[in-house]
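1. Need the 3D shape of this:
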Amino acid sequence: MFEKKAPTGGKKNADDPDGFLGLLRTDPDLLGNPPKMKDNMKHFDKENIKESVVKKVNPILAEPDVTEDRVKTVSQALQGLFLWVDAMMKYHVNLKTVKPLREQCATIQAKLDKVRADLAAYARELADIDEKLANLQAEAKKKEQEEADLINTINLCEKRLENSKKLLSGLENEAGRWSMTINQLKEEYGCLIADCLDSAGVVAYAGVFTAEYRRELEEEWIKKIDDLKIKRSGELTMVKVLKDDVKIREWNVAGLPRDSLSIENAIIAFEARRWPLMIDPQNQANKFIKKFGSKDEGSLQVYKASEGSIIKQLETAIEMGVWVLLENIGEKLDPSLEPLLQLQRIRKGEAKSVQFGDKQLSYSEAFDFFMTTTIPNPHYQPEISVRVTILNFAITPAGLEEQLLNQLVLQEMPELQEKKNRLVMQNAQALRDLQLIEDNILQMLTKNQDFDALIDDEGLINALAASQANANDIKKKREESEKTEKQIDETRQKYKTVAERASLLFFCITDLSNVDNMYQYSLQWYAGLFGKC
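-> Here you go, the predicted structure:
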C-alpha cells in the first residue's frame, strides 16, 4: 500500500477538511518541507480529532502489513510519521477515558479553587478574629493583673491596718509601762548618790562588824544623809540596792545560811574590790565557798595556810580563771601573798594582765580568791585590814535565831518555800527575757525609720505582744510572790519563840567550853539535832 503515490490534487476530503490527509492532498510537497511539517505536527489539535478521521486511519493501522519495521524499510522519514500517527490514535483512545476525568477534575479544581478562595477569605477573617482575640486576651490579662494588684493592695492595706492597730496598741501599752519605768528610773537616779554612798560604806567598812553594829552604823549614815538633805530611797539598805534574788537563791542552795547577815556577807564578798577574809568559827562560809565554787569540776582549789608556798599554784589559777580558797588563816598573813593582795590589773585592748611579783601574767576575769579563819575574835593589824575585806561570819544569838527560824519554816512548810524559790527564779528569768525583748524593740524602732517598714515589721509587732505578755506575767508572779512572802512571814512569827529558845540553848552549851575544853559543839551538829527535834 505504501508503494502507491499520494494523490496530487482534488478537493478536500469532507471527513478530513483540516486533517493530515487533507493537508497531504492540498500540499503534496509537505514531506519535502520538514520545518513546515514539523510545525504542523507540533501544533496539531490532538484534543479534537474527528471520528471520521479515526475511522479512516484505524483500519490502515490495523492492517497486518502496517508495522513500524515495514514502514522503516520503505522510508525512515515515513517511520517517524507512522509513529506520530500511531501516537495520535492511541492518544485519542486514551483521551476518551481521560477527558471525562479531566472535566471532572476541572470541575473539582474549580470547586477547590472556590473553596480555597473561601478558605483564604475565612482565614483572613479568622486572622482578624485571632488578632482581635489576642488583643482582647492581652487586655484581659492586663485587667486581671490590675485586679490582682488591686487585691494585693487591698490585702496589704487591710494587713497594714491590722498591724497598725496592733502596733499602736502595743506601743501604747509599752508607753505606759515605759513611762512608769522612766519615772521609776528617774526616782532611782535621783537617789543614786545616797544609795551608792550607803552601799559603798557597808561594803568597804561594815563587813567586820556583827549585824547589830552594822544596823547602827547604817542608820547613822542614813541620818547623816538626811541631815545633808541628800535624796535617798525610802527603805535604804545595802542589800536592797545590790541584791540579786536569783544569785541569793543559788547561794542558799550552795549552803549559805538564809539569815540577813550571811546574805550581806556574801554580797560584800562578791562585790568588794579587795579579796575577802572571812571570820568563820562555825565553818559556814568555808562550806558555802567550797560547794558554790565546785559547781564545775576543777573550778576551785583549796589550800591551807600551813602549807608551803602556793605562789606557783596561784599564778596558774590567775591565768586559768580558777577560784582559790585559802583556809585556816591566822592573825598574820604569809608575806608571799603580798603580790596577790596588791593585785594591779593592766588593760591592754580587750585583754588584761597583772604584775605578780617580778612576772607579768595574763589575767582571767573568772579568777577569785577567798580566805577563811576559824579564830572567833581575831585581831588583825591595820596594814592587813586595808589590804583585804574582813567579813564577820561568826554567828550571833540574833543571827542564829534567824537561821533556825528559816530552817524550821522550811521543814514545816517546804512547799511554801519551794513555791517562793520557784517564783523568784521565774521572775528573774522573765525579767531577763523582758530586758532582751525591750532591747530588741528599741533596736527595731531605731532601724525602721520609714512608717511603711515599721508597720510591715512582723517581728516588732510580735516583740511588742511578747513584751506585754511578759510584763503581765511578771506582774502576776510578783503578786504571787508577795502573797507567798506574806504567808511565810506569818508562819515565821508562829515559830519565833521556838527559834529564840533554840538559839539560847546553843550559846549555853557553847559556853560549856569555859568549864572544860572537852565540851565542843559545832553549829552543824546542833542544826541537825534541831531539825530532828
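2. going forward, measure contacts between C-alpha atoms and count neighbours the same way
-> Will do.
3. pLDDT below threshold where in this structure?
-> Applying pLDDT under 70 to the chain flags residues 1-33, 174, 296-298, 445, 447-457.
4. Now do the strands in it.
-> Assigned by DSSP state E, the chain shows strands spanning 276-279, 300-304, 323-327, 345-348, 351-356, 359-362, 368-373, 389-392.
5. I'd like to know which of the ones you listed lies nearest to Ala138.
-> strand 351-356 (69.3 Å; CA to CA).
6. where exactly do the helices run in the stretch 51-200 of the chain?
-> Secondary structure of the stretch 51-200 of the chain (DSSP state H, counting those that start in this stretch): helices at 51-62, 68-74, 76-190, 192-201.
7. of the ones you listed, which approaches Asp227 most closely?
-> By CA to CA (comparing all of these), the closest turns out to be helix 192-201, at 11.8 Å.
8. So which bits of the closest one are buried?
-> 192, 194-195, 198-201 (16 or more other CA atoms under 10 Å).
9. how much does it deviate in direction from helix 76-190?
-> Helix 192-201 runs at 80 degrees relative to helix 76-190, counting by axes from the mean of the first three to the mean of the last three CA atoms, to 10 degrees.
10. And the contacts of helix 192-201?
-> 218, 221-222, 225, 230-233, 236-239, 241-242 (CA atoms under 8 Å, 6 or more residues apart in numbering).
11. Just the buried ones from those residues?
-> Buried subset of these (neighbour count, 16+ other CA under 10 Å): 218, 221-222, 225, 231-233, 236-239, 242.
12. need these in JSON lines with distance to Val388, can you?
-> Formatted as JSON lines, those follow (distance: CA to CA, whole Å):
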{"residue": "Glu218", "distance to Val388": "21"}
{"residue": "Trp221", "distance to Val388": "23"}
{"residue": "Ile222", "distance to Val388": "25"}
{"residue": "Ile225", "distance to Val388": "27"}
{"residue": "Lys231", "distance to Val388": "31"}
{"residue": "Arg232", "distance to Val388": "29"}
{"residue": "Ser233", "distance to Val388": "29"}
{"residue": "Leu236", "distance to Val388": "26"}
{"residue": "Thr237", "distance to Val388": "23"}
{"residue": "Met238", "distance to Val388": "20"}
{"residue": "Val239", "distance to Val388": "21"}
{"residue": "Leu242", "distance to Val388": "20"}
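13. which of those lies closest to Gln282?
-> The closest of these, once distances to Gln282 are taken by CA to CA, is Val239, at 23.2 Å.
14. Now for the closest one: which residues touch it?
-> Counted by CA under 8 Å, 6+ apart, Val239 has contacts 199, 264, 267.
15. Go through stretch 164-173 and flag the buried ones.
-> Within stretch 164-173, the residues scored as buried using 16+ other CA under 10 Å are 164, 166-168, 170-171, 173.
16. do the same with stretch 372-388
-> Buried residues in stretch 372-388, counting neighbours by 16+ other CA under 10 Å, are found at 372-375, 384, 387-388.
17. Dump those residues into JSON lines; add distance to Glu350 as well.
-> Shown next, in JSON lines, are these (distance: CA to CA, whole Å):
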{"residue": "Thr372", "distance to Glu350": "33"}
{"residue": "Thr373", "distance to Glu350": "36"}
{"residue": "Thr374", "distance to Glu350": "40"}
{"residue": "Ile375", "distance to Glu350": "41"}
{"residue": "Ile384", "distance to Glu350": "32"}
{"residue": "Arg387", "distance to Glu350": "27"}
{"residue": "Val388", "distance to Glu350": "27"}
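18. Tell me, how many residues neighbour Ser521?
-> Careful, residue 521 is Tyr and not Ser. Other residues lying near Tyr521 total 16 when counted by other CA atoms under 10 Å.
19. I meant Lys141, not that one.
-> Lys141, neighbours per other CA under 10 Å, totals 12.
20. Quick check: it vs Trp275, distance?
-> Computed as CA to CA, to the nearest Å, the Lys141 to Trp275 distance reads 81 Å.
21. What separation is there between the residue nearest in space to the middle of the chain and Arg177?
-> In the chain, the centroid-proximal residue (CA atoms, centre = their mean) is Gly459; its distance is 10.9 Å. Distance of Gly459 to Arg177, given as CA to CA: 20 Å.
22. Could you do Asp149 as well?
-> Shown here: Asp149 relative to Arg177, a distance of 40 Å by CA to CA.
23. now Glu264
-> 32 Å.
24. Equivalent analysis for Leu391, please.
-> Look at Leu391 and Arg177: by CA to CA, they are 40 Å apart.
25. One more: Leu343?
-> Taking CA to CA, one finds Leu343 at 44 Å from Arg177.
26. next one: Phe370
-> Phe370 sits 42 Å away from Arg177, taking CA to CA as the criterion.
27. who has more neighbours, Leu391 and Arg177?
-> Set Leu391 next to Arg177 and count neighbours by other CA under 10 Å: Leu391 wins out with 27 against 14.
28. List the residues that contact that one.
-> Per CA under 8 Å, 6+ apart, neighbours of Leu391: 207-209, 265, 269, 276-279.
29. between those residues, which is nearest Ser362?
-> Closest to Ser362, out of all of these and judged by CA to CA, is Pro276, at 22.1 Å.
30. show me the residues around the residue lying closest to that closest one once chain neighbours are set aside that make contact.
-> Setting aside the residues directly before and after it, Pro276 is nearest to Thr389 in space (CA to CA, 6 or more residues apart in numbering), at 4.5 Å. By CA under 8 Å, 6+ apart, Thr389 lies in contact with 204, 207, 269, 272, 274-277.
31. Return the member of those nearest to Glu485.
-> Nearest to Glu485 among those is Ala269, at 26.5 Å by CA to CA.
32. Make sure that closest one is actually in contact with Pro276.
-> Yes - if you go by CA atoms under 8 Å, Ala269 and Pro276 touch, sitting 5.5 Å apart.
33. Contact partners for the closest residue to Glu68 other than its chain neighbours?
-> Once flanking residues are discounted, Glu68 sits nearest to Gln79: 6.4 Å by CA to CA, 6+ apart. Gln79 makes contact with 68, 71-72, according to CA under 8 Å, 6+ apart.
34. measure Gln79 to Gln468 for me?
-> According to CA to CA, Gln79 and Gln468 sit 123 Å apart.
35. Check Asn163 too.
-> Distance from Asn163 to Gln468, counting by CA to CA: 16 Å.
36. go on, Gln443?
-> 17 Å.
37. next one: Gly255
-> For Gly255, the distance to Gln468 - CA to CA - is 37 Å.
38. again, but for Ala305
-> Distance, Ala305 to Gln468, by CA to CA: 55 Å.
39. do Lys247 as well
-> According to CA to CA, Lys247 stands 26 Å off from Gln468.
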